[in-house]
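1. quick one, fold the following:
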Amino acid sequence: MAVSPDKIRNIMLAGHSGSGKTSFAESLLFYTKGTDRQGTVADGNTVCDFDPEEIRRLASISLSVAPIDYAGTRINLLDAPGLFDFELGVHEGVGAADTVMIVVSARDGMSVGASKAYKLAKKNDKAAMVYVSKMDSDHIDFSKLFEQLKEGFGGAVCPIVVPVLAEGKPTVYVDMVDNKAYTYAGGKAAEVPMPSDAHVEELAAAMREALAEADDVLMEKFFADEPFTKDEVVEGLRIGTREGRIIPLICGAPVLQEATDLTLKMIDEVLPAASEVETPALKGEEKISLKCDPKGPLVVYVFKTVADPFVGKLSYVKVVSGTLTADLVLNNARTGSQERQGKLISVKGKKQTDIKELTAGDIGAITKLAEARTGDTLCGGELYTVSAPKFPAPSMSMAIFPKKKGDESKISTSIQRLLDEDPTLDYTINTETGEQVISGLGEQHLDVLVSKLKSKFGVDVELKAPRVAYRESIRKKVKVQGRHKKQSGGHGQFGDVWIEFEPYEGEDLLFEEKVFGGAVPKNFFPAVEKGLRDSIKRGVLAGYPVVGLHATLVDGSYHPVDSSEMAFKTAASLAYKAGLAQASPVILEPIGLLKAYVPDSNTGDLMGEINKRRGRVLGMNPAEDSLQLVEAEVPMSEVADFTTYIRSSTQGRGHFSIEFLRYDPLPANLEAKVIEEAKELRGEEE
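-> Residues are numbered from 1 along each chain as shown. This next block holds a predicted model:
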C-alpha cells in the first residue's frame, strides 16, 4: 500500500562496529510488531544480519533494509555496517537516507565510527540524530558521555530523551519534550513523577540553549527566561534538525526495550519527512532540486545492488520523485538504454514481498534489471541524474588462485558478478605476472569475497601477496660479440654481430646500427633487432623484463650461403646474454607515490613507518577533516599490508592512496632474495 511522502522517514543507522545498531533496529521492529520475536546478534537471528557471513562474524557486512510501520508512519531503516572494511554500506545508505542516526554505545562512548558517520551526514547535507544505546551496561557515566558528544558533534547536540542514573544504571527515562518521566519493566513503560535531579535540569537547560541557537524567536524567549511551549519545542526540533542546526539526542536500552516507545515517538515527531527533502540532480547540464512529489517526473535512484546466482540481480531503489509501478519500462540515465523491470518488491532483511507500486520518498527493490548498477538513476521519461556518493577506493590488493586446477576461468566470471554489487572492489589481470589480482578495502573485505566465491558460485580460492613487477637494467657500457655457427649437412647457419650495450633514460629498447662497409647486410638488421626485442623480455639476473637499454650494432660478418635471418636473430640473442652479464646488471623495483591522510597526532609514527619501509617523506600539508596529508615515495613491495597498518594505528581515522611513479635500483642487499624467489617461481611454472 502506497504511503504519502509526509508519512515516510528514511533513516540510516550508522556508527562504530559493536555500538548496537542491529540490536536497535531489532528493538524497533519487535516493538512495532514487525517481527514475532526480538532476535539477537549473538543468536544470529536478527532481521538485518541475515547473510551467513554476518551470522558467522557476529557483525554487519552489508547495508540492509527493514521498513517498519508506527502510528501511520513508514520508517525505512537502513542498517549500515560499522566495520571500516565494509564502508561501502555506509556510502550506499547515505544516498537513500534523509537522516543519519548515529548510534553510540553508552559503554564505549564517543567513537571513530560515530565521528565518521557525522562527517558523512554533513558532507551529504543529511539531518543527524544521536542514539545512545546499551544504557543497561554497568557503570554508565552519562555526564561524561554527554560532554564527549558535545565535543564530537558541537553545541548542536540537543538532549530530548535522557536517563536518570542510580549507581551507574538508569532508573528513569525523561521525555524532555513532554516533560514526563517513565520507568520500564519487561519493556513496558509506566509514567512516574518527574524526578528532582540536578543533571536532568542541566540537560533541560542544554536543550533550551540548543533550540534557542537554532531559532530567533526562541532565542528571544530564552534570554527573557520565558518557558517554551511543547509546540514550540517540537517545531524548533523539526526545523533545526532538518536544517542541520540541531542534533537530537535520545538514550535507550534496545535489548530490554527501554525507551523504545519514546524513540519511535521522537522519530515520528522530530525527524524530517521524505516530503520535506529535496534531492540535488542534473537535468542535462543544469543543476536542479527534485521535490519529493508523487505526481512529479519519475526519478528512481539505485543505491545498492545484490548479485544472486539463482535469483539474479536485485537492485535496491529509492523513488526520488513520481510514482513507480511494476509495469513501467525505465530509462537508464547513465547508459541511455531502457530497463525492463522483473518484479517490484518490498524488502525486510531477506524477506521479499511483491508490491504494485512505490511512491515518492519510499524504498523498495527491483529484480532482474539488466544494466543498472549502484549509483544509477532510472527515469520514466525525461532523463535526470541524481548525484551518487563517492565510494572509497580499494587500497589492499591480493593475487587470487584457484585451489582446483581448471577453475581459473570460473574465478573471472564469478568475480564479475560480485563487482556488480560492490563498487569498492577492483579486479585486474596483471599481464606481466599473469596473476589475477583482486583489490578491496582491507583483509576482512577480501576474506568475505573468498567466502562468497565459494558459497555463491562454488569456486574455492586462496589469496597470496601479489608478485612485484620488477625490471632489470644495466649500469655501464660494453661491447660484445654474438656469433652463431652451426653445420649439420647441407646449408649451415651463420650469423656474427658486434653490439654495444649502454644504459639510457627510457623504457623501451633503443636500437641503432652503425655498420660500415657492409659487414652485416642491411636485410639482416631487422633480424638483429627482433632478436634483441625477444631477449629483453627476460633479464640475466632474475628473468624480469629489461628497460633502459641502448643497443648499437657496430660490426659483424656474414656468409653468402649460410647466413639467414634466424642465424642473425640467434647471434643477437647470444650477444645480449654475454653483454648484459658484463654491463653491471641491476634489478629495478617499482616506486609509488604515497598520499596518506592521518590525524596530526599520528604523523610522527607514520613518518617512522615510512622510513622502516625504505620510503622517503616528501612533505606534509593540512587536509580536509582535520587530517594531515603526508606525501612520500615508497617501494611498492613494501605497502602490501599498509591498509592494515594505517587503519590500526589511526583507529580507522586515516586512509591513503598510492600510484606508480617510476623504477629505481633495488638495494644490493635485497637482490639475492629477489633472484632466489624468481628462480623458485620459474621452477614452479616449469
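
2. tell me the helix or strand right after the longest strand along the chain.
-> In the chain, taking DSSP state E as the definition, the longest strand is strand 585-599. Next helix or strand after strand 585-599 toward the C-terminus (DSSP states H and E): helix 603-612.

3. quick one, that following helix and strand 585-599 angle?
-> Here helix 603-612 points in a direction 170 degrees away from that of strand 585-599 (axes from the mean of the first three to the mean of the last three C-alpha atoms, to 10 degrees).

4. so what does helix 603-612 touch, helix or strand wise?
-> Using 3 or more C-beta pairs under 8 Å, 6 or more residues apart in numbering; DSSP states H and E, the elements in contact with helix 603-612 are strand 585-599, strand 616-622, strand 627-635, helix 642-649. (Glycine included, C-beta is placed from N, CA and C.)

5. out of these, which is closest to Lys403?
-> Nearest to Lys403 among the helices and strands packed on helix 603-612 is helix 642-649; the distance by C-beta to C-beta comes to 24.1 Å.

6. the closest one packs against which elements?
-> By 3+ C-beta pairs under 8 Å, 6+ apart, helix 642-649 packs against strand 585-599, helix 603-612, strand 655-665.

7. ok so, going back, tell me which strands the longest strand of the chain pairs with, and in which orientation.
-> strand 471-474 (antiparallel), strand 627-635 (antiparallel), strand 655-665 (antiparallel) (DSSP bridges).

8. list the contacts of the longest one.
-> When you say that, I think you mean strand 655-665. By C-beta atoms under 8 Å, 6 or more residues apart in numbering, the residues outside strand 655-665 that reach it are 392-393, 395, 471, 473, 547, 586-597, 633-636, 639, 642-643, 646.

9. which of the residues you listed count as buried?
-> Among the contacts of strand 655-665, the ones that count as buried by 16 or more other C-beta atoms under 10 Å are 392, 395, 471, 473, 547, 586-592, 594-597, 633-636, 639, 642-643, 646.

10. next, give phi and psi for Leu324.
-> The main-chain torsion angles of Leu324 are listed as degrees, to the nearest 10 and equal phi -100, psi 120.

11. quick one, what contacts it?
-> Contacts for Leu324 were tallied using C-beta under 8 Å, 6+ apart; they are Leu298, Val300, Val317, Leu344, Glu357, Leu358, Thr359, Gly364, Gly380.

12. could you dump the helices and strands packed on helix 603-612 to CSV with mean pLDDT and distance to Glu286?
-> Shown next, in CSV, are those (pLDDT from 0 to 100; distance: least, C-beta to C-beta, whole Å):
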stretch, mean pLDDT, distance to Glu286
strand 585-599, 95, 34
strand 616-622, 95, 35
strand 627-635, 96, 34
helix 642-649, 93, 40
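
13. which of the ones you listed sits closest to Glu507?
-> Within these, the stretch nearest Glu507 is strand 585-599; the backing value is 10.8 Å (C-beta to C-beta).

14. one step back: scan the contacts of Leu324 and report the most crowded one.
-> When neighbours are taken as other C-beta atoms under 10 Å, the top entry among those is Val300 (29 neighbours).

15. could you list the low-pLDDT ranges of the stretch 401-550 of the chain?
-> Applying pLDDT under 70 to the stretch 401-550 of the chain flags the ranges 488-490.

16. Ile68 and Leu29 touch, don't they?
-> Yes: using C-beta atoms under 8 Å, Ile68 is in contact with Leu29, at 5.7 Å.

17. shared neighbours, those two?
-> Shared contacts of Ile68 and Leu29, counting by C-beta under 8 Å, 6+ apart, come down to Leu77.

18. if we can go back for a sec, now render the helices and strands packed on helix 603-612 as JSON lines, adding distance to Val497.
-> Listed next are the helices and strands packed on helix 603-612 as JSON lines, based on distance: least, C-beta to C-beta, whole Å:
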{"stretch": "strand 585-599", "distance to Val497": "20"}
{"stretch": "strand 616-622", "distance to Val497": "42"}
{"stretch": "strand 627-635", "distance to Val497": "37"}
{"stretch": "helix 642-649", "distance to Val497": "47"}
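
19. looking at those, which is closest to Val520?
-> Nearest to Val520 among the helices and strands packed on helix 603-612 is strand 585-599 (25.7 Å), distances taken as C-beta to C-beta.

20. quick one: distance of the closest one to the chain centre.
-> Taking the mean of its C-alpha atoms, strand 585-599 sits 22 Å from the chain's own mean (C-alpha atoms, centre = their mean, to the nearest Å).

21. what's opposite Lys485 in the beta bridge?
-> Taking DSSP bridges as the rule, Lys485 bridges to Phe494.

22. before we move on, what about Ile288?
-> With DSSP bridges as the rule, Ile288 is bridged to Ala281.

23. and it, how far from Ser275?
-> Using C-beta to C-beta, to the nearest Å, one gets 18 Å for the distance from Ile288 to Ser275.

24. neighbour count winner among these two?
-> Neighbours were counted for Ile288 and for Ser275 using other C-beta under 10 Å; Ser275 has more, 18 against 13.

25. in contact with the residue nearest to the more buried one when sequence neighbours are not counted, which residues?
-> Closest residue to Ser275 apart from its sequence neighbours, by C-beta to C-beta, 6 or more residues apart in numbering: Pro5 at 3.7 Å. Taking C-beta under 8 Å, 6+ apart as the criterion, Pro5 is in contact with Ala273, Ala274, Ser275, Cys292, Asp293, Pro294, Thr359, Ala360, Gly361, Asp362.

26. quick one: Pro5 from Leu28, how far?
-> 21 Å.

27. the closest residue to Val94 other than its chain neighbours and Glu677, how far apart?
-> In this structure, Val94 finds its nearest non-sequential neighbour in Asn124, 5.1 Å apart by C-beta to C-beta, 6+ apart. Asn124 sits 46 Å away from Glu677, taking C-beta to C-beta as the criterion.

28. now do the same end-to-end measure for stretch 266-286.
-> Length of stretch 266-286, first residue to last, C-alpha to C-alpha, to the nearest Å: 37 Å.

29. quick thing: my sequence starts at 25, can you match it?
-> I'll keep to 25 as the first residue from here, and by that count the last item is stretch 290-310.
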